[in-house]
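[1] Generate coordinates for the sequence data below:
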Amino acid sequence: MCHINWNGGEPTFKFEGISWNDDETFVAYVAEEPAPSKPMFTNSGYKKGTSSDMECGSWKGQGDWEEDWGETYPGKREPAIFVININSGEVHPVEGTDKLSVGQVVWAPASRGLQQYLVFVGWPSDTRKLGIKHCYNRPCALYAVRAPFSKSEDREPGTNAIKEASTVKLTQRISSALFPRFSPDGKALMFLSAKSSVDSWAHSATQSLHRIDWSINGKPTADADIVDVVPVVMCPENGCFPGLYSVKFPSKSWLSDGYTMILSSVWGSTEVILSVNMLSGKVSRISPGNSSFSWSLLALDGNNIIAVSSSPSDVPEIKYGSIVGNSSAEALASWQDISSPIYRCSEKVTSLLSSRQSSIIKIPVRDISENLTAGANKPYESIFVSSKCKNHDLCDPLIVVLHGGPHFISLSSFSKSLAFLSSIGYSLLIVNYRGSLGFGEEALQSLPGKIGSQDVNDVLAAIDHVIDMGLADPSKITVLGGSHGGFLTTHLIGQAPDKFAAAATRNPVCSLPLMVGTADIPDWCYAETFGHLGKSMYTEAPSSEHLAVFHSKSPIAHISKVKTPILFLLGAKDLRVPICTGLQYARALKERGTEVKVLVFPEDNHAIDRPQSDFESFLNIGMWFKKHCK
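    Predicted coordinates for the structure are as follows:
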């Protein structure tokens, strides 16, 4: 399920894409396909031929209803690939992509100077479309197609007609292929796979990196071998590489040796920069290993790296890195500060942040069980942000912050919204409960089928842990979460009604029976409620037995015990967790006399991330907590 993003984001994703060919004479890009013409009626009746929107006059019909890709894509037409000739300005559509939604297009290396191929990602679009934003569990594949401009051998013999485009599916034997990148010599096509997500139905999971050996003098083939470069990590050893998550590839991803890739990924509660040798599969962490800061890759040129580094209490700073030593053996980076950044914080902001500090705390799993995998029994993490004041007798009030997903992650990076809450006198406990990204596939897959119990207990254990450490006052605890974090927030105030002084939630999942029939991701309800069985049980018409289980797993099942004052912030255009689920829960609380405040943002969708809406929502959250927990 879509997260509400306070700490970082996901890579360029889905249908976007633009790419220059080698000699920069053509650009391939992804855009909506042209709209079909509308019928037009005049006083004399139906007018034959096509007509523009301007000519349609009073004709209001929108045409046949079509499925779309859900949240952020309502009303969007199918994405298609186009190529523009820079010299002539001509635009050519790419043929051969019927029944596919396409994106992430790149040019393949030139072949004999005559034929040019495009490689792109395609998602089947001739069946039921489910929400796709932040959902890596949609099957997809890499395809190759000839670029639509004419060369001598592209024409049919004896005619001026260009040969019909033929699309080749490159990844026949794997259920997911994303972010294609060619090596500098053109002999290897690298791509990321979210096969673990597709197979398990978890909307995000541990990713893997693969290679296809590419012949620059031949045509693409559908039977090419796929080499596993970085496999899925099931249970990492303590402190070791946990696998690839939310990988960010720059457009140029290679060191000067031609076979070492540089990318960003999640490692526990931090974002790190990694080097990957595409031949050996060796992975090295090249951002500082002793840092609890998050590091994100911005750009790469030869052996020169530009990155950004931040923490919850330190604003982002640009860093310059250079590869030292023998990069072909193991890339190591030497990092320097950029002395004159473009933007500097005001003195007031600098002063406020200078009084805060952050750290990452390991939380032991309660009730370790032999029924759990080894990875699910390992400690999870929380990020703790607090004042530098050492007065242990007087703790600041605590805000427990919960990310959505649930298979997402709160990173140890700077968030202006959370920094604001910290600056007005609160400590923050940002919990990465089991099921979060960054800790191995076994820990992540331990949560589906146990939402509303395992994740709730992990949060309660994290709260008790910092109380036992003397870092929090048990009488001054609030909770904040959005999306699945809102699911946890409303569960917590029902299952632990005496623990929280106040709560706030953004677009929360409060009722699974209501969500399964209204959201753009009804499959999420099945996957997270029933675990691995959910994929085989999924239906558009849930049975009464399914609905009963959905209700038992929902926060609304505990509503009779709730007495915590709660603030709701709801986006009226949310397709991921429709506004009706939050309103139903809020109305039921009001009916029972609980103090409730509801704010609706008419033009916002699930993220509530328009600048004014984001500002107003967190200002209201701060005021709500100040009112109920001083």
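
[2] which residues does Ser309 contact?
    Ser309 is in contact with Ser287, Ser291, Phe293, Ser294, Trp295, Ser296, Pro316, Glu317, Lys319, counting by C-beta atoms under 8 Å, 6 or more residues apart in numbering. To be clear about C-beta, it is placed using only N, CA and C from the backbone, and glycine gets the same treatment.

[3] And the residues you listed, which is closest to Ser264?
    Distance to Ser264 across these (C-beta to C-beta) is lowest for Ser296, with 5.2 Å.

[4] still on that earlier bit, for the contacts of Ser309, please prepare a markdown table with the additional fields secondary structure, neighbour count and pLDDT.
    Putting the contacts of Ser309 into a markdown table (DSSP: H, G, I helix; E, B strand; the rest coil; neighbours: other C-beta atoms under 10 Å; pLDDT from 0 to 100) gives the following:
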| residue | secondary structure | neighbour count | pLDDT |
| --- | --- | --- | --- |
| Ser287 | coil | 24 | 94 |
| Ser291 | coil | 14 | 84 |
| Phe293 | coil | 23 | 96 |
| Ser294 | strand | 26 | 97 |
| Trp295 | strand | 24 | 96 |
| Ser296 | strand | 20 | 95 |
| Pro316 | strand | 17 | 91 |
| Glu317 | strand | 14 | 91 |
| Lys319 | strand | 22 | 94 |
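
[5] Straight-line length of stretch 540-560, end to end?
    With C-alpha to C-alpha, to the nearest Å as the measure, the first residue of stretch 540-560 is 30 Å from its last.

[6] Buried residues, it. List them.
    Pro542, His546, Val549, Phe550, Lys553, Ser554, Pro555, Ile556, Ala557, His558, Ile559 (16 or more other C-beta atoms under 10 Å).

[7] Now render these as JSON lines, adding distance to His484.
    Rendered in JSON lines, the data for the buried residues of stretch 540-560 read as follows (distance: C-beta to C-beta, whole Å):
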{"residue": "Pro542", "distance to His484": "20"}
{"residue": "His546", "distance to His484": "20"}
{"residue": "Val549", "distance to His484": "18"}
{"residue": "Phe550", "distance to His484": "15"}
{"residue": "Lys553", "distance to His484": "12"}
{"residue": "Ser554", "distance to His484": "12"}
{"residue": "Pro555", "distance to His484": "11"}
{"residue": "Ile556", "distance to His484": "15"}
{"residue": "Ala557", "distance to His484": "16"}
{"residue": "His558", "distance to His484": "16"}
{"residue": "Ile559", "distance to His484": "18"}
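
[8] Out of the contacts of Ser309, the closest to Gly268 would be?
    Distances from Gly268 to the contacts of Ser309, taken as C-beta to C-beta, are shortest for Ser294 (10.4 Å).

[9] Surely that closest one and Ile409 touch.
    No: between Ser294 and Ile409 no contact is recorded; they are 10.3 Å apart, counting by C-beta atoms under 8 Å.

[10] Show me what the longest helix along the chain is packed against.
    Identified as the longest helix of the chain according to DSSP state H is helix 611-628. Taking 3 or more C-beta pairs under 8 Å, 6 or more residues apart in numbering; DSSP states H and E as the contact definition, the neighbouring helices and strands of helix 611-628 are helix 416-423, strand 477-482, strand 502-506, strand 566-571, strand 596-601.

[11] and Val598, how many residues sit next to it?
    A count of neighbours around Val598, defined by other C-beta atoms under 10 Å, yields 16.

[12] list the contacts for the residue nearest to it when sequence neighbours are not counted?
    Nearest residue to Val598, sequence neighbours excluded (C-beta to C-beta, 6 or more residues apart in numbering): Phe568, at 4.5 Å. By C-beta under 8 Å, 6+ apart, the residues touching Phe568 are Ala504, Thr505, Pro508, Gly582, Tyr585, Ala586, Val596, Lys597, Val598, Leu599.

[13] now do 7 Å
    Phe568 makes contact with Thr505, Gly582, Ala586, Val598, Leu599, according to C-beta atoms under 7 Å, 6 or more residues apart in numbering.

[14] is it possible to export those residues to JSON lines including distance to Lys362?
    Formatted as JSON lines, the contacts of Phe568 follow (distance: C-beta to C-beta, whole Å):
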{"residue": "Thr505", "distance to Lys362": "27"}
{"residue": "Gly582", "distance to Lys362": "34"}
{"residue": "Ala586", "distance to Lys362": "36"}
{"residue": "Val598", "distance to Lys362": "37"}
{"residue": "Leu599", "distance to Lys362": "36"}
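
[15] Using TSV, lay out the residues you listed together with distance to Ile132 and pLDDT.
    Formatted as TSV, the entries for these read as follows, by distance: C-beta to C-beta, whole Å; pLDDT from 0 to 100:
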residue	distance to Ile132	pLDDT
Thr505	25	98
Gly582	23	97
Ala586	29	98
Val598	29	98
Leu599	28	98
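
[16] who wins for neighbours among these?
    For the contacts of Phe568, the largest number of neighbours (other C-beta under 10 Å) sits with Thr505, at 31 neighbours.

[17] The stretch 101-250 of the chain: helices as residue ranges?
    With DSSP state H, counting those that start in this stretch applied, the stretch 101-250 of the chain shows helices at 195-200, listed in chain order.

[18] Output the below-cut-off pLDDT ranges for it.
    Counting by pLDDT under 70, the low-confidence segments of the stretch 101-250 of the chain come to 112-114, 150-165.

[19] One more pass at 90, please.
    Scanning the stretch 101-250 of the chain with the threshold set as pLDDT under 90 gives 109-116, 126-128, 147-166, 215-224, 239, 246-250.

[20] Show me the strands in it, by range?
    With DSSP state E, counting those that start in this stretch applied, the stretch 101-250 of the chain shows strands at 117-124, 141-146, 168-169, 178-182, 188-193, 208-213, 226-230, listed in chain order.

[21] Any chance of JSON lines for those strands, columns mean neighbour count and distance to Thr518?
    Converted to JSON lines, the strands of the stretch 101-250 of the chain look like this (neighbours: other C-beta atoms under 10 Å; distance: least, C-beta to C-beta, whole Å):
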{"stretch": "strand 117-124", "mean neighbour count": "22", "distance to Thr518": "23"}
{"stretch": "strand 141-146", "mean neighbour count": "24", "distance to Thr518": "30"}
{"stretch": "strand 168-169", "mean neighbour count": "16", "distance to Thr518": "34"}
{"stretch": "strand 178-182", "mean neighbour count": "22", "distance to Thr518": "29"}
{"stretch": "strand 188-193", "mean neighbour count": "24", "distance to Thr518": "31"}
{"stretch": "strand 208-213", "mean neighbour count": "20", "distance to Thr518": "34"}
{"stretch": "strand 226-230", "mean neighbour count": "19", "distance to Thr518": "38"}
